[in-house]
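Asker: Give me coordinates for this.
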Amino acid sequence: MDSTSPGSIEGSPNGWPDDWSDIDTPAFVYDTRVVRQLLTYTDGLRQASGCKVLFSLKPFAYVDALALMAPHLDGFAASSLFEARLASQVLLGHGSLHLTTPGMRPDGVGEIASLCDFVSFNSLSQYQMHGEAVSRGASCGLRVNPQMSFVDDERYDPCRPNSKLGVPLELLVDVLSREPHRLSGIDGILVHSNCDSSDLAQAQATVQYMHAKLGGLFERVQWINLGGGYLLDEPESLQPLCETIRFLRSTYGLEVFVEPGAALARAAGYIVSTVLDVFESGGKEVAVLDTTVNHMPEVFEYGFEPDVLGHDDDAGHEYLLAGCTCLAGDLFGLYRFHKPLEAGSKVVFNNAGAYTLPKAHSFNGVNLPTIYAISESGDMVLKKRFTYAEYASRWGENVAVSV
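Answerer: Numbering: from 1, shown residues only. Model (predicted):
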C-alpha cells in the first residue's frame, strides 16, 4: 500500500476505480461484471447437459444482484420462508422457486406452498406432517443423505455421522422395500452432499451409488435436484457433472436441477476496510482495521483464512491484520505487503462474495458494511448504507431521524 495514496489499493484488478479514498468503509463491494462472467459457466452447463440451474440464496442475496442473475437462470433455491419471499419478489413468476429446510415451522407451511414450486422435505416425519398441505401448491420431494462423505471437516459435511440433513439412504432403501406407501406423493429427490468441492467426479460417484441402491425410487419420481456444494471453476471441469445429468435424463427421464451458490458469488465480492491504527506488539506489527471478523464470521468460527489483495509471501512488510472489536480473537491473520501500511490505508479482502453479508453481525455496535456495486462501466455505485436507526431499533429504541 502506498502511504502517500491512502485511497489506492495494492494489487487491484483491472477496471477498478483508481481512487478509493471516498468509499465509506467497511464496505461490501460486488462486481456485476464478475457476476456475469461466473454465469457463463452455468450457460455452458445447461447447453451441454440439458439441466436447469438455480441460484441458492444462502451465500449472497442482495436484490439488485439477484435481479441481474435471474434472466440467466431457471430460478432460485431458498432455505427459509424469508428467503422464499425475497426470491419470489425478484422472480415475479419468471422461473421456479425451490425450498428445503431442516426446520419447517407449521405457521409458515401455507405460505411456503403458495410461494414455492418445489419443496424437498428434510425427513419422512416432516413430509408426514406437512406434505398434504404443501402438495396443494408445490411439487413434493425428499432430501436424501447418500451417506457418502467427501468433506474432511465434519462441521461442513452434510453426510457426517448422525447428520440432520436428509433421509439416510439406508433408511430410504428399507422404506422403499417394506413400506413404499410412505413415499406416495413424492415427486422428486434432492441430494446436497458436498461443500466447496471442485471435484465433480464426486457428484458422479454419488449419483451412481444412489442409482445402484435407489434405482426403484428414481423410477417413481419425475425430478432430481443435485444441490450445490461444488465449484464451477472452469468449463472443462464440468464434464463429470454433464455426464451425470445426461445419465439421469436418459435412464430415468428425470428433470435435473443443480443449485450452485458460492460458485456464482464468491469471486464477485470484496470487503474493503481502512486501517485505523498500526503499532508493535510482541515483535509483530498490528494493523487494526475498521472491519471485523464478524463481517466474515467463518474466519473466527471455522479458521478460514481470507484472501487479501496485494499479499505476497515474499514482500517485506508483514502485519497482523486485526478487527476493531474488543474480541481478542478478532484477527484475520498475518499478511505481507510490498509497501507499508499506515492509518488511512485501504485493505481489501477478495473472494468475499459468499457467506459474508448473510452471516455478518454488529457485535460491539460496529456497523455492517456499506454495500456498493461496480457497474458494467466500472463505476462505483452506492447501494445501501446501514444507519444507527436500524441498529437502535433492534434493541427497542425508536429513532426518528436516521443518523
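Asker: Just the buried residues of the least confident helix or strand in the chain by mean pLDDT, please?
Answerer: Every helix and strand of the chain was ranked by mean pLDDT, DSSP states H and E. The lowest is helix 298-302, at a mean of 87. The neighbour-count check on helix 298-302 (16 or more other Cβ atoms under 10 Å) flags E298, V299, F300 as buried. Quick note: C-beta positions are derived from backbone N, CA and C, even for glycine.
Asker: Quick check: what element follows that helix along the chain?
Answerer: Sequence order places strand 307-308 as the next helix or strand after helix 298-302, per DSSP states H and E.
Asker: quick one: average pLDDT of that following strand?
Answerer: Mean pLDDT, strand 307-308: 96.
Asker: Now do that strand: everything it contacts.
Answerer: Outside of strand 307-308, the residues within contact range by Cβ atoms under 8 Å, 6 or more residues apart in numbering are L321, F332, Y335, V347, V348, F349, N350, N351, A352.
Asker: cool, and stretch 211-220?
Answerer: Residues contacting stretch 211-220 (Cβ under 8 Å, 6+ apart): 144, 169, 172-173, 176, 183, 186, 189, 210, 224, 247-248, 251-252, 254.
Asker: do that again at 10 Å, thanks
Answerer: Outside stretch 211-220, the residues within contact range by Cβ atoms under 10 Å, 6 or more residues apart in numbering are 142, 144, 146-147, 169-170, 172-173, 175-177, 180, 183-184, 186-189, 191, 207, 210, 221, 224, 244, 247-248, 251-254.
Asker: Quick one, which of those residues are buried?
Answerer: 142, 144, 146-147, 169, 172, 175-176, 183, 186-189, 191, 207, 210, 221, 224, 244, 247-248, 252, 254.
Asker: Of those, which belong to strands?
Answerer: The strands, defined by DSSP state E, take in L142, V144, G188, I189, I224 from those.
Asker: How much space separates the residue nearest to the third one when sequence neighbours are not counted from D313?
Answerer: Ranked by Cβ to Cβ, 6 or more residues apart in numbering and with sequence neighbours excluded, the top spatial neighbour of G188 is G141, at 3.5 Å. Distance of G141 to D313, computed by Cβ to Cβ, to the nearest Å: 47 Å.
Asker: which of the two has more neighbours?
Answerer: G141 (23 against 7; other Cβ atoms under 10 Å).
Asker: The more buried one contacts H192, correct?
Answerer: No: applying Cβ atoms under 10 Å, one finds G141 not in contact with H192, separated by 11.9 Å.
Asker: Now for those two: what residues contact both?
Answerer: T100, S120, N225.
Asker: Who wins on neighbours among the residues you listed?
Answerer: Busiest of these [other Cβ under 10 Å] is S120, holding 30 neighbours.
Asker: what separates stretch 220-233 from the chain centre, distance-wise?
Answerer: Between the centre of stretch 220-233 and the centre of its chain there are 15 Å (Cα atoms, centre = their mean, to the nearest Å).
Asker: just stretch 276-284 next, same as before
Answerer: Using Cα atoms, centre = their mean, the offset of stretch 276-284 from its chain centre is 34 Å.
Asker: do stretch 232-239 as well
Answerer: Using Cα atoms, centre = their mean, the offset of stretch 232-239 from its chain centre is 19 Å.
Asker: What residues of that stretch count as buried?
Answerer: L232, S237, L238.
Asker: And for stretch 24-44?
Answerer: Of the residues in stretch 24-44, those buried (16+ other Cβ under 10 Å) are 25-35, 38-39, 41-42.
Asker: One more: stretch 113-123?
Answerer: A113, L115, C116, F118, V119, S120, F121, N122, S123.
Asker: do stretch 84-104 as well
Answerer: 84, 86-88, 90-91, 95-101, 104.
Asker: do the same with stretch 67-84
Answerer: Those would be 68-70, 72-81, 83-84, for stretch 67-84 by 16+ other Cβ under 10 Å.
Asker: now do stretch 317-326
Answerer: Buried, per 16+ other Cβ under 10 Å, within stretch 317-326: Y319, L320, L321, A322, G323, C324, T325.
Asker: Just give me how far it sits from the chain centre.
Answerer: The mean C-alpha position of stretch 317-326 is separated from the chain mean by 26 Å, Cα atoms, centre = their mean.
Asker: end-to-end on that stretch?
Answerer: 25 Å (Cα to Cα, to the nearest Å).
Asker: by contact count, what packs against whichever strand in the chain runs longest?
Answerer: Using DSSP E to define each element, the chain has its longest strand at strand 269-281. Using 3 or more Cβ pairs under 10 Å, 6 or more residues apart in numbering; DSSP states H and E as the contact test, the elements touching strand 269-281 are strand 27-31, helix 32-49, strand 284-289, strand 307-308, strand 317-322, strand 346-350, strand 370-374.
Asker: just checking, V278 touches V288?
Answerer: Yes: applying Cβ under 10 Å, one finds V278 in contact with V288, separated by 7.6 Å.
Asker: the more surrounded of these two?
Answerer: Taking neighbours as other Cβ under 10 Å, V278 and V288 compare with V288 leading, 20 against 15.
Asker: Next, the contact list for the residue minimising distance to the centre of the chain, please.
Answerer: What sits nearest the mean C-alpha location of the chain, by Cα atoms, centre = their mean, is P59, with 2.2 Å. Residues near P59 by Cβ under 10 Å, 6+ apart: 228, 260-266, 269, 353-359.
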